[in-house]
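In: build me a structure from this.
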Amino acid sequence: MNPEKVVEGVPTSPQYRARILYMEDDSMAALLFRRRLEHEGYAVDIAVDGEMGLAMCADVDYDLIALDYNMPKLDGISVLRELNQREEMPPVVIITAQNDTATAVEAMRLGAYDYLVKGTNAAYLLLLPGVIERALEKRRLEWEQQRTIEALHTQNRNLALLNRVAQSLTSTLDVDEIALTLVKSISEFTDTQGSSVWLWDPTHLDFLHCVAIYPQRESAELAEMALSPGEGIAGWVAQHGESVLLDDANSDPRHSRLGDRKLQYPIRSLMAVPLRARDKIIGVLELVNNRHGRYSPNDQVLAETLASSAAIAIENARLFSNLRERTEELQVRNEELDAFAHTVAHDLKTPLALVMGFGEMLRDSYDLLQPQEIEMYLSHIIDNSTRMNHIIEALLLLAGVRGMQAVTVDAVDMGDIVQEVLNRLDFTLKQANAIVTLPVEWPEVMGYGPWVEEVWYNYILNGVKYGGSPPTLELGYDVLGSKGLVRFWVLDNGSGLTVEPDHLFKPMVRGTNVGGRSGHGLGLSIVKRIVERLQGTVGVESTPGQGSKFFFTLPMVE
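Out: Below you'll find the predicted structure:
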């Protein structure tokens, strides 16, 4: 017995035994046919008539069919006509009687591959293996040609889609839009039930966050979907930078049930590829449930190609966003510098002019001046020099706040800080006959003592300068428990403000009170920058005729 006849290229396993159906009512001829072809390594089925043969063809995909020209119920030509109506017909060899040229011609017209003359001495059986082998070889070549054409069509389609997707990825600078384009496209390319994109937080590599999922389900809240390093297949891929293909994800110990719960459908096959940009892993593209059962190496190449393009687009979008933020920040700082220049020039001009004026008078008229006049001039020089010194100190503090990258934030004793500020302002408060009321106790908050002291200093000093006559100040706080914050405030008895409260904290703006006095310039801009660096906010509430309440918030001590 020869080895089993293998037909390479047919859509079966590599060691496929070609299967042949012979429709023959002559049992002896059928037996000889079977023995001859089984000796050559083929598998052979026999049908005793045409109807039986057609029924068997409906259940089995035969590689070749041999037909006797003369059978009961349906002859060979009738069977061939029936087979010719079907979507795909295997190679057919018809076996005719001697000198039956008309049957052979009709069979060939109906699509038969070849014919054999049965004769009386069974000599056709010697020719049979060669005819069968040539027919199967022709089928193999046709099938390979079809596969090649289909592969070319698929490749052309994928190239066109890749080009379209690449244009889409590079046409936007929105990370969420890029991720959504990626998951939609890869699901279409690979005939996938679902896909998702997971990205490392660019500032804290503590979690992989799901930024896009397809198809989006109401139950899958992106904000709630996060993986720690190494968690799940996506976490493993993000950590190791290697692609993973799994036919059964549930059997892999790295698989996380998070996706199953969020997506609300069971995960079977899975593929995850890293999003790599500039030799850095920024995230993972994950696909689940290929509708053909498993992901192929071609699917992996396609996914990695798209993932690479998307990763570069995401990095470019982030770089552009950072550049835009830096540009906006630089613009704001330039505006602030201009504003500070105007403010400082205005604030220094008057006291400097007075210092120069009184100094010149002392120099030029010292011998003519009375002692009390000399004392008065010197007092004015000292007072105005002190004013200029305060302005310079404020600028130095602001420069420190702007330039310092980080400070040690800790629990601060607000009572001690407020008392220190009142001690600094003791002379000013007495000179203005100011009345200051304080709460019995203060809450503990998180902050940086020197900066918090400067906030209170500016708020209380503004209250003294722009409050009533005499100024009455009330210091207090409100606990904003739901937000985990404490709001501290200074309430004055002034005449209120005429400008928008938010504008007061810009360095060029000098709010005008109802009474006509202007101020609140450089000091409040310093306050705003300090408090925002301490993760708080500033603001003011003011009603004409009822005073103003300047406030700031700081986080509570946990």
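
In: helices of the stretch 151-300 of the chain, residue ranges please.
Out: Ranges of helices within the stretch 151-300 of the chain are 175-190, 232-240, 258-263, 297-365, based on DSSP state H, counting those that start in this stretch.

In: averaging pLDDT over each of the ones you listed, which comes out lowest?
Out: Of all the helices of the stretch 151-300 of the chain, mean pLDDT reaches its minimum on helix 258-263 (a mean of 56).

In: quick check, Asp25 in a helix?
Out: No. Using DSSP: H, G, I helix; E, B strand; the rest coil, the assignment for Asp25 is coil, not a helix.

In: what's the closest non-adjacent residue to it?
Out: Excluding the flanking residues, the one nearest Asp25 by C-beta to C-beta, 6 or more residues apart in numbering is Met71, at 5.0 Å. (Each C-beta comes from the backbone N, C-alpha and C, glycine too.)

In: and what about that neighbour, helix, strand or coil?
Out: Three-state call for Met71 (three-state DSSP): coil.

In: can you pull the pLDDT of it?
Out: pLDDT, Met71: 90.

In: ok, the nearest residue to Val48 once chain neighbours are set aside to Thr172 distance?
Out: Leaving aside its chain neighbours, Val48 sits nearest to Asp25 (5.4 Å; criterion: C-beta to C-beta, 6+ apart). Plainly put, Asp25 is 72 Å away from Thr172 if you go by C-beta to C-beta, to the nearest Å.

In: the two: who's more crowded?
Out: Asp25 (17 against 14; other C-beta atoms under 10 Å).

In: phi, psi for that one please.
Out: Main-chain torsions, Asp25, degrees, to the nearest 10: phi -90, psi -10.

In: also Ser296?
Out: Dihedral angles (degrees, to the nearest 10) for Ser296: phi -100, psi 170.

In: what of Thr96?
Out: Torsion angles, degrees, to the nearest 10, at Thr96: phi -110, psi 170.

In: any idea how far Val409 is from the residue positioned nearest the centre of the chain?
Out: The C-alpha lying nearest the average C-alpha coordinate of the chain belongs to Val211 (C-alpha atoms, centre = their mean; 3.6 Å). Here Val211 is placed at a distance of 31 Å from Val409 (C-beta to C-beta).

In: one more: Asn158?
Out: According to C-beta to C-beta, Asn158 and Val409 sit 54 Å apart.

In: can you check Gln98 too?
Out: 106 Å.

In: the biggest strand by length in the chain: how far from the chain's middle?
Out: Counting residues, the longest strand found in the chain (DSSP state E) is strand 280-290. Centroid displacement of strand 280-290 relative to its chain, using C-alpha atoms, centre = their mean, to the nearest Å, is 11 Å.

In: who are the packing partners of that strand?
Out: helix 175-190, strand 192-200, strand 208-214, helix 232-240, helix 258-263, strand 270-277, helix 297-365 (3 or more C-beta pairs under 8 Å, 6 or more residues apart in numbering; DSSP states H and E).

In: with just CA atoms, put the first one into PDB.
Out: Pointing back at helix 175-190 there. Output of helix 175-190 as PDB, limited to C-alpha atoms (Å, rounded to 0.1, in the frame of the first residue of the first chain):
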ATOM      1  CA  VAL A 175      -5.400  62.300  22.500                       C
ATOM      2  CA  ASP A 176      -9.000  61.000  23.100                       C
ATOM      3  CA  GLU A 177      -9.800  61.300  19.400                       C
ATOM      4  CA  ILE A 178      -6.600  59.500  18.400                       C
ATOM      5  CA  ALA A 179      -7.400  56.600  20.800                       C
ATOM      6  CA  LEU A 180     -11.000  56.300  19.600                       C
ATOM      7  CA  THR A 181      -9.800  56.300  15.900                       C
ATOM      8  CA  LEU A 182      -7.400  53.500  16.800                       C
ATOM      9  CA  VAL A 183      -9.900  51.200  18.500                       C
ATOM     10  CA  LYS A 184     -12.500  51.600  15.800                       C
ATOM     11  CA  SER A 185     -10.000  51.000  13.000                       C
ATOM     12  CA  ILE A 186      -8.300  47.900  14.500                       C
ATOM     13  CA  SER A 187     -11.700  46.400  15.300                       C
ATOM     14  CA  GLU A 188     -12.600  46.800  11.600                       C
ATOM     15  CA  PHE A 189      -9.300  45.400  10.300                       C
ATOM     16  CA  THR A 190      -9.200  42.300  12.500                       C
END
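
In: which strands or helices does that helix pack on?
Out: Counting contacts by 3+ C-beta pairs under 8 Å, 6+ apart, helix 175-190 packs against helix 124-170, strand 192-200, strand 208-214, strand 280-290, helix 297-365.

In: can you state the direction angle for it and helix 124-170?
Out: Here helix 175-190 points in a direction 170 degrees away from that of helix 124-170 (axes from the mean of the first three to the mean of the last three C-alpha atoms, to 10 degrees).

In: contact partners of helix 175-190?
Out: The contact list for helix 175-190 (C-beta atoms under 8 Å, 6 or more residues apart in numbering) reads 158, 161, 165, 168-169, 172, 192-197, 199, 211-215, 271, 285, 287, 290, 295, 299, 302-303, 306-307, 310, 313-314, 317-318, 321.

In: buried ones among the residues you listed?
Out: Neighbour counting by 16 or more other C-beta atoms under 10 Å classes 158, 165, 168-169, 192-197, 199, 211-214, 271, 285, 287, 290, 295, 299, 302-303, 306-307, 310, 313-314, 317-318 among those as buried.

In: neighbours of the residue lying closest to Val455 once chain neighbours are set aside, how many?
Out: With sequence-adjacent residues excluded and distances taken as C-beta to C-beta, 6+ apart, Val455 is closest to Val527, at 5.0 Å. By the criterion of other C-beta under 10 Å, Val527 has 25 neighbours.
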